[in-house]
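>>> here you go, sequence then predicted model.
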Amino acid sequence: MQDRSLDRQPLLQPRPEGTDDSTLPPTPEATPTKRRILLAGLKLFAERGYHATSIRDIAAGAGVQSASLYSHFASKEAILAELVLIGHDEHHRDLLSALLGSGVEPRQQLVALVGAHVRGHCRYPTLAVVANHEMAQLSEEALAPAAAIRRHSEAILLELLTRGEQQGAFRLVQLDATRVAIATMGSSVATWYPTYRDLFTPDQLADAYATLALRMVGADEAVS
């Protein structure tokens, strides 16, 4: 059985001053109250999990009455769904920006893609853990917007690996297994980076993981 203690431990250390605004990307469309609710929900979902968190807990964390909270979100599920969507949308934007800023050669694109993947999970680790681990608590309807973005993000990596192999830049042992390995290798950073952030910068991790990804795709062995 897999030990899940590492997944939760870094997120069980809330800042003593309370909810940290930097744990969530900017949300220009959200009112200050709505953002406080999202931040409180994020903090509590990370520390306790979705089912152990109540609407009353979130309202108290946001400094609002439950009735006021319901004017912004119809349910606890709606708060989680919004957080999951924000996390997936931010990640997707990072991937697209990285690809646009890289060259056309598959190896360059993989380095850029993996770098963006890792840096994003370093930048918003709490959001990444909640978005990935608690998304299973959502109904199919509530999850649908984020799920569509997630599928497109997965397709970006799949297309890159397929094209790289076709062009002779990569030599893959198994396409789907390699795609999943690269994706999960990067996303797992969110579970431990908050504890060890003094040992690595996001750029150092991005470079290290990009090197590992190139080895995983057999870039050194492939013949261009």
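Perfect, I can see it now.
>>> ok, V189 touching H121?
Yes: under the contact definition of CB atoms under 8 Å, V189 touches H121, with a separation of 4.4 Å. Placement of C-beta: from N, CA and C, glycine included.
>>> who's more crowded, these two?
H121 (27 against 23; other CB atoms under 10 Å).
>>> pretty sure that one is in contact with M185, am I right?
No: using CB under 8 Å, H121 is not in contact with M185; the gap is 10.4 Å.
>>> output the below-cut-off pLDDT ranges for the protein.
Segments of the chain classed as low confidence (criterion: pLDDT under 70) are 1-19, 221-224.
>>> who are the packing partners of the longest helix along the chain?
Taking DSSP state H as the assignment, the helix of the chain that covers the most residues is helix 140-166. Counting by 3 or more CB pairs under 8 Å, 6 or more residues apart in numbering; DSSP states H and E, the packing neighbours recorded for helix 140-166 are helix 76-100, helix 106-123, helix 175-187.
>>> okay, those in CSV with distance to Q65 next?
Shown next, in CSV, are the helices and strands packed on helix 140-166 (distance: least, CB to CB, whole Å):
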stretch, distance to Q65
helix 76-100, 15
helix 106-123, 33
helix 175-187, 36
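>>> out of the ones you listed, which comes closest to D198?
Minimum separation from D198 across these (CB to CB) falls at helix 106-123, 12.6 Å.
>>> quick one: contacts of that closest one?
Defining contact as CB atoms under 8 Å, 6 or more residues apart in numbering, one finds that helix 106-123 is touched by 90-91, 94-95, 97-99, 101-103, 128, 156-157, 160-161, 163-164, 167, 169-170, 182-183, 186-187, 189-190, 193, 197, 202-203, 205-207, 209-210, 213-214, 217, 219.
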